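Asker: Here's a sequence, model it:
(chains A, B and C)
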Amino acid sequence: MFQNITLVIPLLPLLAFAIIVLFTRNNNRTSALVAILGILASMAISYGVFTEALSEGHELAQHPFYGAPIVWAPFGNSTIEFGWFIDPIGAVMLFMVPTVCLMIFIYSVGYMRHTHVDEHGHHHSQDDPRYARFFAYISLFASMMLLVVVSSNLLEFFIGWEVMGFCSYALIGFWSFRGRQERHIDEAQVGRARAASIKAFLTTRVGDILLMSGMILLFITAGTLDFTKMFDPTTLNEMLLGESPLLGWTWPTLIALLIFGGTIGKSAQFPLHVWLPDAMEGPTPVSALIHAATMVSAGIFLVIRMFPLFVFASATGGQAMEVVAIVGAFTAIFAATMGLAQNDIKRVLAYSTISQLGYMLAALGIGAFVAGSFHLITHAFFKALLFLAAGSVLHAVGTNDMFKMGGLWRKMPITFITFLIGALSLMGIPPFAGFWSKDEILLEALREGFFHEGVPLTLVQFVYICLAAAAFLTALYTGRQIFLTFFGKPRDEHAYAHAHESPAWMWAPLAVLAVFTTFLGLWNTPFLPEFFRFVGEGGLLGLAEAFAHTEFDVLAQVSMVASVGIGLSGFLTAWAIYGFRPVAAGQPDPLARLGILWRALVNKYWLDELYGYKINLDGTAQPGLLIRFFGALSRAAYWFDRTIVDGLVNLGGWIGRALASLWGAFDTYVVDGIVNATGSTTGEMAGWWRKIQTGNVQNYALIAAAGAMAVAILFLLRSFT
Amino acid sequence: MILQIPLVYYLILAAALFCIGLFGALSRRNAIAVLMGIELMLNAVNINLVAFWRYGSPDPIADQAGVVFALFVITLAAAEAAVGLALVIAIYRSRDTVNVEEIDLLKW
Amino acid sequence: MELTAIIAQLVFFVVAVLTLAAAFLTVLVRNVFHAALALVGTFFGVAAIYLMLEAEFLAIVQVLIYIGAIAVLILFAVMLTRGMMQSQESGTNKQWAWAALAIAVLFLGLFILILQVPWVHSGTAVYTDTTPYLGTELLTTYLLPFEVVSVLLLAALIGAFIIARE
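Answerer: Numbers count the residues shown, from 1 in each chain, chains lettered A, B, ... in the order given. As a prediction, the model looks like this:
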């Protein structure tokens, strides 16, 4: 019953967006209410669909909820329709996305109200000047994320994807200008927000162009973009005919990799990860919503949706899956190292997000579809929780810098506990959700890499080592974050004094998300793999066989112990460095003794300087070398265009103009002269001849008589001669 | 008795009368006088018509063409006089003159 | 030449001279009213000429229509426009001399022309009452022109009425 109104799910937040923009934008409370009602209603339908999907069980994978009632763009013998497509993982997304969105919406009600202390020590609370706009944007964002989840074809998917890109741009740059009365941000922040929004938009654009190219090629080769049709074996096999123009790859490989390019941009994978840390300039709910829980997971979801294509490409000799695995594994460890050296509480989380997204891709790349998908879901919950808790912290202390915090657990216990739950989940400590999903990924990698029947797979071994190391680093930087933020002595007395527990609007969503984070993992434990039974047992449309079920055997138990051990050792290392002897005020980071390596981490391996866009703390920004090189190149091209090309064009124009003026003179003096002479001669003669028109009738009659006289004379003359 | 007067006499009389009428039509200032000149010319023509009928027709009794023609001319003259004089009066009303020289609306 | 012919020609000359004299008066006198009276005289003269041409019905019509209707009409018009032409400088316009010259030449031409042509007299001189024949002709041979002329008269009547209306 609910499945037939699936398309209403994205429409409701869109409606909320329209209502806020058109009608309630001047009323902050009403706008927030409209946004929350919109997502709530949408969530109700989503849960309905989710429940129906659950009752279908794994049968849903081969017989998904599908409808494409709106014929949108007919092209010759194929059409693109607007419709819905819900398979098991889509149904789970439909459960995750509205839930997280609702929590973040509620949280935003409190977060977007800023408190400042005036010179007399009084506290003043004030709504953000663009409060209503904020809710409009996040409603639009939620709508488009839901569209991505329910869409029945890749183009519909792409619409949601691109509008989300715009929302991301608008929300990262939400504080990119500042009214006179706005005290919660300073000029440097405004500059950073401005630069960061542009950076995010342009960086993701690189990936989007790749995705779009892949989509176009897919439409050309497969003839359809519909998820139910394009993975048809005959369609896929037809795509194998003919070689793609690039490196001799098959068409499926090329298309899969181009589509994966979209994922690299959207999910901030190496080398397009540079935008995500800077995106933390947006308001924290945005960071939680877009840059942790949903939008970046749209990139992963894209790979999930196109998974049969990747599998097919790899099965037919391409390297699509392998590329996904390598990029994911490398990004996982690479981002984790950078997360180690960040002082900004949100940036640490940003790097952990990149790292965790790498985890998911690595899992998908080695074929651990269910584990990757499950990590996507759990990660969304605990990362949203972490972000919101971090937002709660910085809302209280008014700074992002962890070196100005410390000892906060006494001041804000609820935030502390919820943050701790999220952090433990991220570290992979049981029984929290992250443990179950992460452990499964590690187990799959271990099993495939080292205990594979036959030849051991070097690639998967590499993946396992990367992921294990990343797990250690994750625990390390998360522990560092906890110790720096909540333990030790306050390093900034003023900020500490200012700190307070956040209002219920903010901690209530934290509590809800903490509950999910604690218990969600039980959905897919190795001894009770309910999630697997739902998502994995039916395979995927286009992949008829079920994914391999992981036995809870000795290897699994060893892996479980190992991953707990890795997490705990990372956490203990963090305690040894930051917890045992807390960092005092003004003291540098203990790890700074690593020297050049530390500087590399702090400076993010100088990638921003190389090809990114370096945004400084003071709000200024410098383009990287690559950008400068292209800037110089385009300036040279501009110079060439202006001087040489335009010169030639202008010369041509000048010659044309000279000729034209010559012809113009001929026309003016010769042609017009003749015409005017004719006219004026006629006029002149008419001036003479009109004199005979006296108007006097007798005059005319006299002339007639004279004529008669003349006739008479002529007659006489003739008769006489 | 009639044929004892030569036809030429009538013709010359008619020609003289016509010329006098024409002179009146061409030289009088008063529009009514111009009309009178025209009447004289019409009479001259009538004399010609009747004279040619009387002298030229083989059977002037049975063939009354000349008289009929003259009758028609008289009728037309009457009509012409009526319309012409009506015009004169209308012009007199609107322009306060019957001087033909002043009636030159179609002047260049 | 026999006596009757001499008498006839004499009568003709008298009538002709009177007619032409009246005609000259008509076009020459300054007073339009007098000119109209002279015009009546001319009409009488022409009626006499008709009698001499044995067209007695036409002579009666001439008297009735020209003198009884047209001349009276003219006199009325003269009186309606009176006051305009009273003590004016001249009855003739500026081109009268040119007109006289042209007409004199024209008359000369006509005169010579008339004298040059060898006119043939073929008509009989039997006097009878021609009026019944005229009526027959009008209602048989000339029926269509007769009707057309009556329509023309009606049109002229209405037209004159409309033009002269206030």
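
Asker: what kind of secondary structure is the closest residue to residue C:146 other than its chain neighbours in?
Answerer: Leaving aside its sequence neighbours, residue C:146 sits nearest to residue C:138 (C-beta to C-beta, 6 or more residues apart in numbering or on different chains; 5.3 Å). In short, each C-beta sits where N, CA and C put it, glycine included. At residue C:138, secondary structure determined by DSSP: H, G, I helix; E, B strand; the rest coil is helix.

Asker: Burial check on residue C:138, number of neighbours?
Answerer: The tally of other residues near residue C:138 (other C-beta atoms under 10 Å in any protein chain shown) stands at 17.

Asker: What of residue C:29?
Answerer: 16.

Asker: Could you pull up the contacting residues of it?
Answerer: Counting by C-beta atoms under 8 Å, 6 or more residues apart in numbering or on different chains, residue C:29 makes contact with C:35, C:38, C:91.

Asker: My read is that the first one contacts residue C:23, right?
Answerer: Going back to what we said before, that points to residue C:35. No: Residue C:35 is beyond contact range of residue C:23, at 10.4 Å (criterion: C-beta atoms under 8 Å).

Asker: The two: which has the busier surroundings?
Answerer: More crowded of residue C:35 and residue C:23, by other C-beta under 10 Å: residue C:23, with 30 against 24.

Asker: Using CSV, write out every CA atom in stretch A:337-353.
Answerer: Provided in CSV are the C-alpha atoms of stretch A:337-353 (Å, rounded to 0.1, in the frame of the first residue of the first chain):
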residue,chain,number,x,y,z
THR,A,337,46.6,9.7,9.3
MET,A,338,45.5,13.2,8.6
GLY,A,339,42.7,13.0,11.1
LEU,A,340,45.4,12.4,13.7
ALA,A,341,46.9,15.9,13.3
GLN,A,342,43.8,18.1,13.3
ASN,A,343,43.0,20.5,16.1
ASP,A,344,39.6,21.3,15.0
ILE,A,345,37.1,19.0,16.6
LYS,A,346,34.9,18.9,13.5
ARG,A,347,37.8,18.3,11.1
VAL,A,348,38.9,15.3,13.0
LEU,A,349,35.4,13.9,12.4
ALA,A,350,35.5,15.0,8.8
TYR,A,351,38.7,13.0,8.2
SER,A,352,37.2,10.1,10.0
THR,A,353,34.2,10.3,7.7
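
Asker: how deep is residue 58 tucked in, by neighbour count?
Answerer: Chain wasn't specified; assuming chain A. Counted with other C-beta under 10 Å, residues neighbouring residue A:58 total 16.

Asker: wrong chain, I was asking about chain B
Answerer: Under the neighbour criterion other C-beta under 10 Å, residue B:58 is assigned a count of 9.

Asker: host element of the closest residue to it other than its chain neighbours?
Answerer: Leaving aside its sequence neighbours, residue B:58 sits nearest to residue C:122 (C-beta to C-beta, 6+ apart; 5.4 Å). Here residue C:122, judged by DSSP states H and E, is contained in no helix and no strand.

Asker: if I look at residue C:122, how far off is residue C:58?
Answerer: 20 Å (C-beta to C-beta, to the nearest Å).

Asker: Which one of the residues in chain A is closest to chain B?
Answerer: The nearest approach of chain A to chain B comes at residue A:695, 3.1 Å away (C-beta to the nearest C-beta).

Asker: secondary structure class for that residue?
Answerer: coil.

Asker: these two touch, right, it and residue B:106?
Answerer: Yes: counting by C-beta under 8 Å, residue B:106 is a contact partner of residue A:695 at 4.3 Å.

Asker: For stretch A:48-63, list every residue counted as buried.
Answerer: A:48-50, A:52-53, A:56, A:58, A:60-61 (16 or more other C-beta atoms under 10 Å in any protein chain shown).

Asker: what distance separates it from the middle of the whole chain?
Answerer: Relative to its chain's centre, stretch A:48-63 lies at 28 Å (C-alpha atoms, centre = their mean, to the nearest Å).

Asker: can you list contacts of it?
Answerer: Residues outside stretch A:48-63 that contact it (C-beta under 8 Å, 6+ apart) are A:1-3, A:6, A:9, A:65, A:86-88, A:91-92, A:94-95, A:533-541, A:544, A:546.

Asker: Produce a ChimeraX select command limited to the buried residues of the residues you listed.
Answerer: Only the buried entries of the contacts of stretch A:48-63 go into this ChimeraX selection, using 16+ other C-beta under 10 Å:
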select /A:2,3,6,9,65,86,87,88,91,92,94,95,533,534,535,536,537,538,539,540,541,546
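
Asker: Out of the contacts of stretch A:48-63, which sit inside strands?
Answerer: Using DSSP state E, A:65, A:86 are the members of the contacts of stretch A:48-63 that sit in strands.

Asker: Among the contacts of stretch A:48-63, which ones lie close to chain C?
Answerer: For chain C, no contacts are drawn from the contacts of stretch A:48-63 by C-beta under 8 Å from any C-beta of the partner chain.

Asker: before we move on, back to that, which residues does the residue nearest to residue B:58 contact?
Answerer: With contact set as C-beta under 8 Å, 6+ apart, residue C:122 has these partners: B:55-58.

Asker: From those residues, list just the buried residues.
Answerer: Buried among the contacts of residue C:122 by 16+ other C-beta under 10 Å: B:55-57.

Asker: Go ahead and flag the most central residue of chain C.
Answerer: Nearest to the mean C-alpha position of chain C, by C-alpha atoms, centre = their mean, lies residue C:43 at 5.3 Å.

Asker: which is the next helix or strand following the host helix or strand of it?
Answerer: Assigned by DSSP H and E, residue C:43 falls within helix C:32-52. Note on helix C:32-52: by DSSP H and E, the next helix or strand toward the C-terminus is helix C:56-61.
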